[in-house]
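Asks: Next input, structure requested:
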Amino acid sequence: MIEQYDDKTIRCPRVGGEVNFMFCRSENNMSPCRWIAGCWEMRFDINRFLEDHFSNGELDLVFTPPKPKLESLVELMEQAQKRIKEER
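Replies: Numbering: from 1, shown residues only. From the prediction side, this is the model:
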């Protein structure tokens with residue numbers, strides 16, 4: 001049952017206050033927070049929980065590091081330039 005730990009609370013270093021597990025497992029567009037494993041590993045077997053309730057593809061999306069800001073900005077600029085050329 002995915003809700004089994006929802007009432008447990010922990011201090012979230014990202015939020016800066018107390019949150020319950022339900023927040024952590026669903027705060028990222030209904031996917032877990034990327035820091036969930038580190039925050040909850042001492043409370044229960046979080047890796048087993050994640051394996052039981054999320055597919056490998058979902059977990060790959062959650063735990064893949066984001067692109068560096070500069071790389072993202074360059075990609076956005078290239079996309080904008082391409083759209084401008086296509087509109088002409």
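Asks: To what extent is Pro66 buried, counted in neighbours?
Replies: 8 (other C-beta atoms under 10 Å). C-beta here means a position set from N, CA and C on the backbone, and glycine is covered the same way.
Asks: Using the three-state scheme, assign it.
Replies: On the three-state scheme (DSSP: H, G, I helix; E, B strand; the rest coil), Pro66 is labelled coil.
Asks: which one is it nearest to, not counting chain neighbours?
Replies: For Pro66, ignoring the flanking residues on the chain, the nearest one in space by C-beta to C-beta, 6 or more residues apart in numbering is Ser72 at 7.9 Å.
Asks: packing partners for the helix or strand hosting Met77?
Replies: For Met77, the enclosing helix or strand under DSSP states H and E is helix 69-87. Helices and strands touching helix 69-87, by 3 or more C-beta pairs under 8 Å, 6 or more residues apart in numbering; DSSP states H and E: there are none.
Asks: and that helix, what's its mean pLDDT?
Replies: Across helix 69-87, pLDDT averages out at 92.
Asks: Contacts for it, please.
Replies: Contacting residues not belonging to helix 69-87 are listed as Pro66, Lys67 [C-beta atoms under 8 Å, 6 or more residues apart in numbering].
Asks: burial count for the residue nearest to Pro66?
Replies: 11.
Asks: tell me which residues in stretch 2-9 are buried?
Replies: Buried residues in stretch 2-9, counting neighbours by 16 or more other C-beta atoms under 10 Å, are found at Tyr5.
Asks: Run through who's touching that stretch.
Replies: With C-beta under 8 Å, 6+ apart as the criterion, stretch 2-9 contacts Glu18, Val19, Asn20, Phe21, Met22, Arg25, Trp40, Arg43, Phe44, Phe49, His53.
Asks: Which strands border the host helix or strand of the first one, and is each parallel or antiparallel?
Replies: Read it as Glu18. Using DSSP H and E, Glu18 maps to strand 17-20. Using DSSP bridges, strand 17-20 pairs in its sheet with strand 9-12 (antiparallel).
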